[in-house]
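1. Please work out how this folds:
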Amino acid sequence: MRVTGAMFYYYFVCQRKLWLFAHELRYEETDENVILGRLLDQSSYGRETKHIMIDDTVNVDFIQDWTTLHEVKKSRSIEEASIWQAKYYLYFLQERGIDIKKAVLDYPKLRQREEIILSQSDRKSIQKTLEDIEHITSMKKSPKVIDLPICKKCAYYEYCYI
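-> Predicted structure coming up:
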(Lines give C-alpha, C1' and ligand atoms only; values in the text may rest on other atoms or scores of the structure.)
Protein backbone atom coordinates (compact mmCIF):
# COMPACT_ATOMS: atom_id res chain seq x y z
CA MET A 1 0.00 0.00 0.00
CA ARG A 2 1.19 3.51 -0.83
CA VAL A 3 1.15 5.71 2.31
CA THR A 4 1.50 9.42 1.58
CA GLY A 5 2.83 12.00 3.99
CA ALA A 6 -0.68 13.40 4.43
CA MET A 7 -1.99 9.95 5.37
CA PHE A 8 0.79 9.50 7.92
CA TYR A 9 0.06 12.96 9.35
CA TYR A 10 -3.69 12.27 9.52
CA TYR A 11 -3.07 9.05 11.44
CA PHE A 12 -1.84 11.16 14.37
CA VAL A 13 -4.52 13.84 13.96
CA CYS A 14 -7.68 11.78 13.41
CA GLN A 15 -8.06 8.27 12.11
CA ARG A 16 -11.49 9.10 10.68
CA LYS A 17 -9.88 11.89 8.64
CA LEU A 18 -7.26 9.37 7.48
CA TRP A 19 -9.98 6.94 6.38
CA LEU A 20 -11.96 9.65 4.55
CA PHE A 21 -8.83 10.94 2.80
CA ALA A 22 -7.76 7.42 1.79
CA HIS A 23 -11.23 6.85 0.32
CA GLU A 24 -10.81 10.01 -1.77
CA LEU A 25 -13.30 12.15 0.14
CA ARG A 26 -11.22 15.33 -0.09
CA TYR A 27 -12.55 18.53 1.45
CA GLU A 28 -9.19 20.24 1.92
CA GLU A 29 -9.28 22.07 -1.42
CA THR A 30 -11.91 24.54 -0.20
CA ASP A 31 -10.98 24.68 3.49
CA GLU A 32 -9.88 28.12 4.68
CA ASN A 33 -7.14 26.81 7.01
CA VAL A 34 -5.66 24.63 4.27
CA ILE A 35 -5.70 27.55 1.83
CA LEU A 36 -3.95 29.78 4.40
CA GLY A 37 -1.31 27.08 4.92
CA ARG A 38 -0.75 26.87 1.17
CA LEU A 39 -0.33 30.64 0.93
CA LEU A 40 2.21 30.58 3.77
CA ASP A 41 4.08 27.79 2.00
CA GLN A 42 4.13 29.72 -1.28
CA SER A 43 5.41 32.91 0.34
CA SER A 44 8.13 31.24 2.46
CA TYR A 45 11.59 30.07 1.40
CA GLY A 46 11.26 31.41 -2.13
CA ARG A 47 14.84 30.55 -3.09
CA GLU A 48 14.40 26.85 -2.42
CA THR A 49 13.17 24.23 -4.88
CA LYS A 50 9.97 23.19 -3.19
CA HIS A 51 7.52 20.32 -3.31
CA ILE A 52 9.81 17.45 -4.16
CA MET A 53 7.66 14.42 -5.04
CA ILE A 54 9.39 11.12 -4.37
CA ASP A 55 8.12 7.83 -5.84
CA ASP A 56 4.76 9.49 -6.45
CA THR A 57 4.11 9.00 -2.73
CA VAL A 58 5.65 11.66 -0.48
CA ASN A 59 5.83 15.37 -1.24
CA VAL A 60 8.64 16.98 0.75
CA ASP A 61 8.48 20.76 1.16
CA PHE A 62 12.18 21.14 0.36
CA ILE A 63 15.60 19.58 0.92
CA GLN A 64 18.51 21.85 1.72
CA ASP A 65 21.89 20.81 0.28
CA TRP A 66 20.73 17.17 0.27
CA THR A 67 21.48 17.05 3.99
CA THR A 68 18.37 18.47 5.67
CA LEU A 69 14.72 17.89 4.89
CA HIS A 70 12.40 20.84 5.65
CA GLU A 71 8.68 20.87 6.34
CA VAL A 72 6.96 24.26 6.57
CA LYS A 73 4.11 24.41 9.08
CA LYS A 74 1.62 27.15 9.90
CA SER A 75 1.56 26.54 13.66
CA ARG A 76 2.51 24.12 16.40
CA SER A 77 -1.12 23.19 17.08
CA ILE A 78 -0.72 19.56 16.01
CA GLU A 79 3.01 19.28 16.53
CA GLU A 80 3.15 15.55 17.29
CA ALA A 81 1.65 14.77 13.89
CA SER A 82 4.15 17.13 12.21
CA ILE A 83 7.08 15.50 13.99
CA TRP A 84 5.98 12.01 12.97
CA GLN A 85 5.36 13.13 9.40
CA ALA A 86 8.94 14.47 9.21
CA LYS A 87 10.26 11.22 10.72
CA TYR A 88 8.25 9.25 8.16
CA TYR A 89 9.82 11.29 5.35
CA LEU A 90 13.31 10.54 6.72
CA TYR A 91 12.39 6.85 6.98
CA PHE A 92 10.91 6.83 3.47
CA LEU A 93 14.00 8.45 1.95
CA GLN A 94 16.46 6.26 3.86
CA GLU A 95 14.58 3.13 2.75
CA ARG A 96 15.25 4.27 -0.83
CA GLY A 97 18.97 4.88 -0.25
CA ILE A 98 18.72 8.66 0.17
CA ASP A 99 20.70 9.21 3.35
CA ILE A 100 19.29 12.40 4.83
CA LYS A 101 19.93 12.34 8.57
CA LYS A 102 17.74 15.14 9.88
CA ALA A 103 14.61 17.14 9.27
CA VAL A 104 13.60 20.60 10.35
CA LEU A 105 10.08 21.77 11.06
CA ASP A 106 9.95 25.40 10.02
CA TYR A 107 7.34 27.71 11.54
CA PRO A 108 7.84 30.95 9.57
CA LYS A 109 4.99 32.85 11.24
CA LEU A 110 6.44 32.01 14.67
CA ARG A 111 10.04 32.43 13.48
CA GLN A 112 10.88 29.10 15.05
CA ARG A 113 12.43 25.81 13.95
CA GLU A 114 12.62 22.36 15.43
CA GLU A 115 15.20 19.78 14.46
CA ILE A 116 14.03 16.18 14.05
CA ILE A 117 16.13 13.02 13.86
CA LEU A 118 15.09 9.42 13.27
CA SER A 119 16.09 6.84 15.89
CA GLN A 120 15.97 3.05 15.65
CA SER A 121 12.94 2.98 17.96
CA ASP A 122 11.27 5.56 15.68
CA ARG A 123 11.80 3.20 12.74
CA LYS A 124 9.98 0.43 14.62
CA SER A 125 7.15 2.82 15.54
CA ILE A 126 6.84 3.88 11.89
CA GLN A 127 6.60 0.27 10.74
CA LYS A 128 3.82 -0.34 13.29
CA THR A 129 2.06 2.87 12.24
CA LEU A 130 2.20 1.79 8.59
CA GLU A 131 0.49 -1.48 9.57
CA ASP A 132 -2.16 0.47 11.51
CA ILE A 133 -2.74 2.80 8.55
CA GLU A 134 -3.22 -0.17 6.24
CA HIS A 135 -5.74 -1.67 8.67
CA ILE A 136 -7.67 1.60 9.13
CA THR A 137 -7.86 2.40 5.43
CA SER A 138 -9.07 -1.12 4.60
CA MET A 139 -12.00 -0.93 7.03
CA LYS A 140 -15.46 -0.97 5.44
CA LYS A 141 -16.69 1.91 7.64
CA SER A 142 -14.91 4.99 8.86
CA PRO A 143 -13.72 5.18 12.48
CA LYS A 144 -15.86 7.12 14.94
CA VAL A 145 -15.68 10.89 15.40
CA ILE A 146 -13.00 11.84 17.96
CA ASP A 147 -14.88 14.97 19.12
CA LEU A 148 -11.92 17.12 20.16
CA PRO A 149 -11.46 20.92 20.00
CA ILE A 150 -9.39 20.54 16.78
CA CYS A 151 -12.51 19.17 15.05
CA LYS A 152 -14.01 22.66 14.85
CA LYS A 153 -11.26 23.78 12.42
CA CYS A 154 -11.16 20.56 10.40
CA ALA A 155 -12.02 20.48 6.69
CA TYR A 156 -14.19 17.42 7.45
CA TYR A 157 -16.19 19.10 10.24
CA GLU A 158 -19.46 19.24 8.28
CA TYR A 159 -19.10 15.63 7.19
CA CYS A 160 -18.66 14.47 10.79
CA TYR A 161 -21.14 16.71 12.58
CA ILE A 162 -23.84 17.93 10.19
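2. residues near Y89, how many?
-> For Y89, the neighbour count with other C-beta atoms under 10 Å is 26. Every residue, glycine included, has its C-beta placed from N, CA and C.
3. Tell me where this protein has strands.
-> If DSSP state E is used as the criterion, the strands of the chain fall at 52-54, 58-60, 62-64, 68-72, 102-107, 112-117.
4. Just the mean pLDDT for the first one, thanks.
-> This means strand 52-54. For strand 52-54, the mean pLDDT works out to 88.
5. Need the residues that contact it.
-> Strand 52-54 is contacted from outside by 59-63, 92-93, 96, 98, using C-beta atoms under 8 Å, 6 or more residues apart in numbering.
6. That one pairs with which strands, and in what direction?
-> Its sheet considered, strand 52-54 pairs with strand 58-60 (antiparallel) by DSSP bridges.
7. circling back: want to throw the strands of the chain into TSV with mean neighbour count and distance to D132?
-> Listed next are the strands of the chain as TSV, based on neighbours: other C-beta atoms under 10 Å; distance: least, C-beta to C-beta, whole Å:
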stretch	mean neighbour count	distance to D132
strand 52-54	13	22
strand 58-60	19	18
strand 62-64	17	27
strand 68-72	20	22
strand 102-107	19	22
strand 112-117	13	21
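8. Relative to L20, which of those is closest?
-> Proximity to L20 (C-beta to C-beta) singles out strand 58-60 among the strands of the chain, at 19.1 Å.
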